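Enquirer: okay, sequence plus prediction incoming.
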Amino acid sequence: MLRERSKLIVQVHKLLDICLTAAAFVGAYFIKRLVLPYPFRGLSIAPNYYIVLLTIVIIWYATFGLFDLYASYRRQTLGQVLAKMIQAVFAAMLVLMLYMYFFKIMDVSRIMIGTFFLLDIGLLALSKWLVYATLSHYRQKGFNFRNILIVGSREMARDVIAAIGDRLGAGYRVLGCLEVDQHEVGKKVENGIQVIGTIDSLQNILLEQVVDELIFAIPLREIDNAYGYIALAEEVGVSVRIVPDWQVRKLKRRTKIGTIRFEDFLGIPTMALVTTTLKDIELLIKSSIDYAAGAVGFALVLPLFLLISLSIKLTSKGPVFFKQERCGLNGRRFQLYKFRTMIKDAEALRDTLNAQNEMTGPVFKLTDDPRITLVGRILRKLSLDELPQIMNVLRGEMSLVGPRPPIPFEVEEYEPWQRRRLSMKPGITCIWQVSGRNEINFAEWMRMDLEYIDNWSLRLDLELLLKTIPAVFMATGK
């Protein structure tokens, strides 16, 4: 849920550019004063170059903001990024020249200003190339990819696929295309992408595969019940983009959950329907807190880790840690870590206990589970069995606070509206965790998770963390 368009990242990026601009000015000053050959070397005492530098910082800061210099790199080519940067520097230089002319600042060295101009473009270009190349490298390695499903296979769809294919570093992967006609299934569209099914199969694909964005690259009027499919994606928490056509004006009145905004997608104007929070700055802070608190917390509880591990090893056969496949953000699967609280091979005995399940819905809970060991029962009472999930937080698979990660077979039984709880990174604690846990039925549990997603804030996370502490000391776990 970290977004490059986060306002905080933009401010840091701006600050970096201003620092590089100031460095270029200082470098130009010393080059003119000490490095250039005679008769070009040297500077007069007047004017006050500190004032000139302050003026440049103000002008450059304002100009960079006007040229959309900090739009997401994911949706731009390097050429577009550098072109906007050069245009912004040219514009800022023109404003500086006009400023010096109107205020009759005549003593500033024109050679120094020219040197500064070239150094500024060089440093800014180098920094943007390094950032762009680093992001592209990691995306091409498979990190931070977003999986895309496209509805349509004609010109608009081909344009989207071609744009993505030309920009592997943008971090998008096309799963395939859907069409309205069954006879189109199997057709090759562009860059090896095929029509993998009809629009009727959308629900199964959204529920069974990891899909981050759904792009409608076909006029909505050609799809029967188009708004129903959009509502379905919205319901399960998948972002929707619509390559514009004249039907989109009706959509604004039909959305129940998502927020509509218009965005540029690799040079193609799209309308995005976003079902998760748009609090970019707070999300970045949340992620930073996860990593920082996770690292500090792991160091602090390491002695307790060793003590618990020793207790488990001495009292029962089997590994210290219990690993289980869970579903994370938008259905991504990962290995969740817990301290083992049951006898060895407990999962194999579950089928014999299904009739005693105390939970409704696709969840298994049993208060007096005979598979739980003596140490395991203590760990569960104090919720200490969850401690190893700090490792999942440090791996970026979980957050400190968020909906609990479900088991894949549970997700398979979800109704579409319940699937939306996967649209936010799962957490170690949540509203359900501090509100009675096993005394809460499945439907209420799902409602709590969606309430958390729809009303998320840093303050809510802090409140839940504070409520988790007494829940641990009161031994409410089971």
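Expert: In hand now; what should we look at?

Enquirer: helices along this protein, start to end?
Expert: 7-30, 49-66, 78-102, 110-140, 155-165, 202-208, 226-236, 280-315, 374-381, 389-394, 408-412, 416-419, 442-454, 458-473 (DSSP state H).

Enquirer: quick one: least confident helix or strand in this protein?
Expert: Among the helices and strands of the chain, strand 259-265 carries the lowest confidence by mean pLDDT, DSSP states H and E, at a mean of 71.

Enquirer: distance to Val401 added to the helices of the chain, as TSV?
Expert: Heads up, the C-betas are built off the backbone N, CA and C, glycines and all. Shown next, in TSV, are these (distance: least, C-beta to C-beta, whole Å):
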stretch	distance to Val401
helix 7-30	19
helix 49-66	33
helix 78-102	35
helix 110-140	27
helix 155-165	33
helix 202-208	25
helix 226-236	22
helix 280-315	8
helix 374-381	20
helix 389-394	10
helix 408-412	20
helix 416-419	20
helix 442-454	8
helix 458-473	4
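
Enquirer: which of those helices sits closest to Gly42?
Expert: Counting by C-beta to C-beta, Gly42 lies closest to helix 110-140 out of the helices of the chain; the figure is 10.3 Å.

Enquirer: OK, contacts around Gln335?
Expert: By C-beta atoms under 8 Å, 6 or more residues apart in numbering, the contact set of Gln335 is Lys323, Gln324, Glu325, Arg326.

Enquirer: tell me the confidence at the nearest residue to the last one once chain neighbours are set aside?
Expert: Yep, that's Arg326 we're talking about. Leaving aside its sequence neighbours, Arg326 sits nearest to Pro405 (C-beta to C-beta, 6 or more residues apart in numbering; 3.8 Å). For Pro405, the model assigns a pLDDT of 92.

Enquirer: and Pro405, what is it in contact with?
Expert: Pro405 neighbours (C-beta under 8 Å, 6+ apart): Arg326, Cys327, Gly328, Phe334, Leu336, Met398, Pro426.

Enquirer: try it again with 10 Å
Expert: Shown in contact with Pro405 (C-beta atoms under 10 Å, 6 or more residues apart in numbering): 324-329, 332-334, 336, 389, 392, 397-398, 411, 421-422, 425-428.

Enquirer: one more: Ile86?
Expert: Ile86 touches Phe67, Ile121, Leu124, Ala125, counting by C-beta under 10 Å, 6+ apart.

Enquirer: do that again at 8 Å, thanks
Expert: Ile121, Ala125.

Enquirer: then Gly402?
Expert: By C-beta under 8 Å, 6+ apart, Gly402 lies in contact with Met424, Lys425, Pro426, Gly427, Cys430, Tyr452.

Enquirer: Tyr227: which of those is nearest?
Expert: Of these, the one sitting nearest to Tyr227 (C-beta to C-beta) turns out to be Met424, at 24.6 Å.

Enquirer: distance of the closest residue to Ser239 other than its chain neighbours from Ile285?
Expert: Leaving aside its chain neighbours, Ser239 sits nearest to Glu213 (4.8 Å; criterion: C-beta to C-beta, 6+ apart). Using C-beta to C-beta, to the nearest Å, one gets 24 Å for the distance from Glu213 to Ile285.

Enquirer: next: Gly42.
Expert: On the measure of C-beta to C-beta, Gly42 and Ile285 end up 49 Å apart.

Enquirer: who's more crowded, the two?
Expert: Each of Gly42 and Ile285 has its neighbours counted (other C-beta atoms under 10 Å); Ile285 has more, 15 against 11.

Enquirer: give me the neighbour count for the closest residue to that one other than its chain neighbours.
Expert: Using C-beta to C-beta, 6+ apart and skipping the chain neighbours, the partner closest in space to Ile285 is Leu458 (6.2 Å). Residues near Leu458, counting by other C-beta under 10 Å, number 15.

Enquirer: list the residues that contact Leu458.
Expert: Counting by C-beta under 8 Å, 6+ apart, Leu458 touches Glu282, Ile285, Lys286.

Enquirer: now the residues you listed in CSV, with pLDDT?
Expert: Listed next are the contacts of Leu458 as CSV, based on pLDDT from 0 to 100:
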residue, pLDDT
Glu282, 75
Ile285, 78
Lys286, 84
